[in-house]
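Student: Just a sequence and a predicted model for now, questions to come.
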Amino acid sequence: MIELSLLLLILVVSFSMRGRGFTRGLRRELPKWVEAGLVAPENAPRILAHAAARSQRHSLASMFAILGAVLLGVGVITFFAANWQEMPKIAKLLVLFGVMWASFAMAAWSVAHASRGWLSESMLLLAVLMFGANIMLIAQIYHIDAHYPDGVLVWSLGALLVSWLLASPAAFVAGLSLAMLWSGMEVIDFARMHWPFLIVLACFALLAVRQNWPRFAHLLMLALLLWSMSTYVYFIGELRDAGAMVYLTQIFFLFYLALFLGGLNLELSERFADWAGTVCQYAAVAGLAALWVLTFPDVLTTRAFVAGHGMRPAADTVWIVTSLLMLAIVAGLALWHRRRTLNLDMREVWHVWGEGILVLILACLVVNLFVSGSHGSLMAIGFNAIFFGATLWLIYAGAHLDSRNLVNLGFMFFAAGILARYFDFFWKLLDRSFFFMAGGILLILVAGILDRKRRQMMAEMKGGEA
Amino acid sequence: MNRQSSLVLRMGIAVFVLTLVLFGMIARKQWTLNTGTPVVLETKPVDPRSLFRGDYVRLNYTINTLDTAAYPALSEVKRGDVVCVALAPGKPYWQAVSVSTACPDTPSVFLKGRVDRVSRRWNSETRKYEATSQVRVKYGVENYFVPEGTGRSIERPAAGEKISIEVAVDRFGNAGIRAVLVNGIPRYIETLF
C-alpha cells in the first residue's frame, strides 16, 4: 500500500505542478515580450489572468480525474485480490481485459472530443493501472511465481509504451515511479547492484526529451540520484578494504561533478536549455553532499570507520584506474564547456573562477589517491578549502545564472560546512556546556549573516530581472 | 494519415502489445502444464498473504534446501545464480539426484531454479566468504494461491493427511503447479479456464 500511496502522491504533485509551471513561466516571459513589442502592454495582465484561470481549471479537473482513476484501479486490484472463487477463470479474465480495453476506448473517445481532453489522461492512467492489476491477477490465477520485481518491470515498460505511443504524461509518471519501485525491490529485497535500471531510466529520459517534457527532469534526476545513493550504500556494504569509503566517495563525487558539468553544457544548447537548471541543481546537491563527506578528517584517515585495520592505505590499482577514468570524463566535459563558451563568446568571470576551483578539486582528488591515512588531516585541510571555495563559487555562479536554487544550495552547504568544522575542532577542546553555548551563538550569528547575504543577493537578482 | 487515424493506430498498437504480454504470461505457463512431465514433490506449507494477490500458501519443498556436501557444484554459487537440479522418481516423491550450473541436454527431467540464499560466513584471515552447508533454491512453484481464508486447510492438514504437490516440468526446466494432493489424491487441480 505504501508503494501505491507514493505513486498517488507523485502523480498528484506532478500534475499540480503542470499548470502552475506554465503560468509561472508565462509570468517570467511576458514582460520580455512586452518589451520586445510582441504583446501590447495593456493585454499582458489579461493574458496572465486568462492563463491562470485556465490552468487552474484544467489542472483541477485533471487532478480529480486522475485521483478517480487511481482509486478505481486500486479498488479493482483489491477486489480481485480476495481471489473470488465464485467467478470462473474465464469470467475473471474477461472482466480484467475488458476494463483495460474499455479504459483505452474511453481515452480515445475523450481525445476525439476536445472538450473532454481532461479525461483522456486519467483513462490512460487507468489502463496502465489495469495492465498492472492484470499482471498480478494472472500471476495469481495461474500460480506464476516468478522473480517478483520482474512483474513490476513489465508493468513499468507497459506504461512506457503507452506514454511513448500516446504522449501521455500520466503514464510517464506512473511508469517511471514503477521503474524506481522495481529498482528498489532489486536493491533492498535482493541486495544486489542494479545496473539494468540505467537502461530503463535512459528510455524514459529519451521519451521525455522526444516529447519535450522538461518538467519531468525533476523526476528523472530524482530517480538517478536515488539509484546512485542505493548503489553507494551497496558498495560500502560490499567493499571491505580500509580505503573504500574514501575512494568510493571520491568516485561518486566525480560522477555528480560530471552531471553538473553536463548540465552546464546543456544550458548552451538551444534544445536542452530548459533541462539544464534542474540537472545542475540535483547534481549540485549530491556533489556537495559527497564533497562534504570528504571534509571530515576522520573519514580521510578512516580511523573512525574500520576498527582494527588502522589507517587506510594509498589507493590500489582498481581505485586509481576508476578514479582516473572519472577524472578524464570530468575534464573532458569541462574542456568541452570551455570551448563552447569561447566559441559563443559567452565567457564570464564565474567561468574562470569555476575552472580554477575545478583544477584544484581534481588535483586534490588525485593527490588523495596516492597518500595514506597518515596524511588524512593534511588532506582534510585541502578538501575543506575546496569545499568552502566550491560553495562560494556556487553562490556566485547561481547569481549569474539567475538560479535562486543554486544560491540557496550554496548558502545551505556553507552553513553545513561551518557546523561540521565546529564539531570537529571544539568537541574535545571545550567543556560540553561551553561547547553547546558557543555553538548556539555561532549558529545564530552564521544564520543571521548568511540569511542577510542571501536576501541581498535575491533582491539583486529580482531587481535585475525587473 | 490524419491525426485521428494515427491516434487510433497508436492506441491499437498499445492495446495489442499489452494484451499480447498478458496472453504470453498465460500461454507460457499453460505450455509447461500441458507438455511437462508430472512430478510429485514433498512439501511443508506455511500460509502468508500477498498484498496484491490475496491469500497464498507458501510451499516449502524438500528440494528447496540443498546440501553443498552432497552437491559440490553448489559450493561456488551465489545469490541469484541459476542452477539445474536433475530429478529422479522415488517412492512416493521425486528426489534431487544431481545439481549443475549448466542445464543438461539429455532428456532427463530437471528443474531450473535460482539461488535464493547461501549460508556462508566471512573468513577474516583469507578475506573471503566460506561456503558452509546449505543453499536455498527457488523454482517458481513456491506459491499457490487459494481462496481467502482457506490457506489453513493446506497449511495445517487434519490428522493423517499428507500434502504433496504435483508439478509439471517442461523440457527447459520450467515448472508449474498442476495439482495439490492430499494423501496422493488431487484436491485442487489447475485448468486453463
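Tutor: Nice, I can see it. Numbering: from 1, shown residues only, chains lettered A, B, ... in the order given.

Student: What is the longest helix of chain B by residue count?
Tutor: Criterion DSSP state H: the longest helix present in chain B is helix B:3-35.

Student: Mind listing what's buried along it?
Tutor: Neighbour-count burial for helix B:3-35 flags B:7, B:10-11, B:14-15, B:18-19, B:21-22, B:25-26, B:29-30, B:32-33 (criterion: 16 or more other C-beta atoms under 10 Å in any protein chain shown). Yep, even glycine has a C-beta here, placed from its N, CA and C like the rest.

Student: how about low-confidence regions in chain B?
Tutor: For chain B, the stretches with pLDDT under 70 are B:1, B:45-55, B:107, B:120-122, B:129-133, B:147-157.

Student: Could you do the stretch 201-350 of chain A as well?
Tutor: The stretch 201-350 of chain A contains residues with pLDDT under 70 at A:240, A:303-310.

Student: tell me the helices in it, going along the chain?
Tutor: Taking DSSP state H, counting those that start in this stretch as the criterion, the stretch 201-350 of chain A carries its helices at A:217-238, A:244-267, A:273-293, A:297-301, A:317-343, A:349-370.

Student: quick one: the first one to helix A:244-267, angle?
Tutor: What separates the directions of helix A:217-238 and helix A:244-267 is an angle of 160 degrees, with axes from the mean of the first three to the mean of the last three C-alpha atoms, to 10 degrees.

Student: Touching helix A:217-238 from outside, list them.
Tutor: A:10, A:14, A:173, A:176-177, A:179-180, A:183-184, A:187-188, A:191-194, A:197-198, A:201, A:204-205, A:208, A:244-245, A:248-249, A:252, A:255-256, A:259, A:275, A:278-279, A:282-283, A:285-286 (C-beta atoms under 8 Å, 6 or more residues apart in numbering or on different chains).

Student: could you pick out which of the residues you listed are near chain B?
Tutor: Among the contacts of helix A:217-238, proximity to chain B is found for A:191-192 (C-beta under 8 Å from any C-beta of the partner chain).

Student: Which PyMOL command selects the buried ones in the contacts of helix A:217-238?
Tutor: Here is the PyMOL selection string for the buried members of those, based on 16+ other C-beta under 10 Å:
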select buried, chain A and resi 10+14+173+176+177+179+180+183+184+187+194+197+201+204+205+208+244+245+248+249+252+255+256+259+275+278+279+282+283+285+286
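
Student: Is chain A within reach of the longest strand seen in chain B?
Tutor: In chain B, assigned by DSSP state E, the strand with the most residues is strand B:110-123. Yes. Applying C-beta under 8 Å from any C-beta, one finds strand B:110-123 in contact with chain A at residue B:114.

Student: Using PDB, list the CA coordinates for that strand.
Tutor: The C-alpha trace of strand B:110-123 is given here as PDB (Å, rounded to 0.1, in the frame of the first residue of the first chain):
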ATOM      1  CA  PHE B 110      15.500 -31.300 -14.500                       C
ATOM      2  CA  LEU B 111      14.200 -28.200 -12.700                       C
ATOM      3  CA  LYS B 112      15.700 -24.800 -13.300                       C
ATOM      4  CA  GLY B 113      16.000 -22.800 -10.100                       C
ATOM      5  CA  ARG B 114      17.500 -19.600  -8.800                       C
ATOM      6  CA  VAL B 115      19.700 -19.400  -5.700                       C
ATOM      7  CA  ASP B 116      17.800 -17.500  -3.100                       C
ATOM      8  CA  ARG B 117      20.200 -17.800  -0.100                       C
ATOM      9  CA  VAL B 118      23.600 -19.200   0.600                       C
ATOM     10  CA  SER B 119      24.600 -19.900   4.100                       C
ATOM     11  CA  ARG B 120      28.100 -18.600   4.200                       C
ATOM     12  CA  ARG B 121      30.400 -16.900   6.700                       C
ATOM     13  CA  TRP B 122      33.200 -14.300   6.200                       C
ATOM     14  CA  ASN B 123      36.700 -15.500   6.900                       C
END
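
Student: Return the list of strands paired to it, each annotated with direction.
Tutor: With DSSP bridges as the test, strand B:110-123 is paired with strand B:82-88 (antiparallel), strand B:128-138 (antiparallel).

Student: Mean neighbour count for those strands - can I get that in TSV?
Tutor: TSV is the format used below for those (neighbours: other C-beta atoms under 10 Å in any protein chain shown):
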stretch	mean neighbour count
strand B:82-88	19
strand B:128-138	16
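
Student: Among the ones you listed, which comes closest to residue A:334?
Tutor: Residue A:334 lies closest, by C-beta to C-beta, to one member of these: strand B:128-138, at 40.6 Å.

Student: I'd like the next helix or strand past that closest one.
Tutor: Remark: after strand B:128-138, the chain's next helix or strand is strand B:143-145, criterion DSSP states H and E.

Student: Just the buried residues of that following strand, please?
Tutor: For strand B:143-145, by 16+ other C-beta under 10 Å, it's B:143-145.
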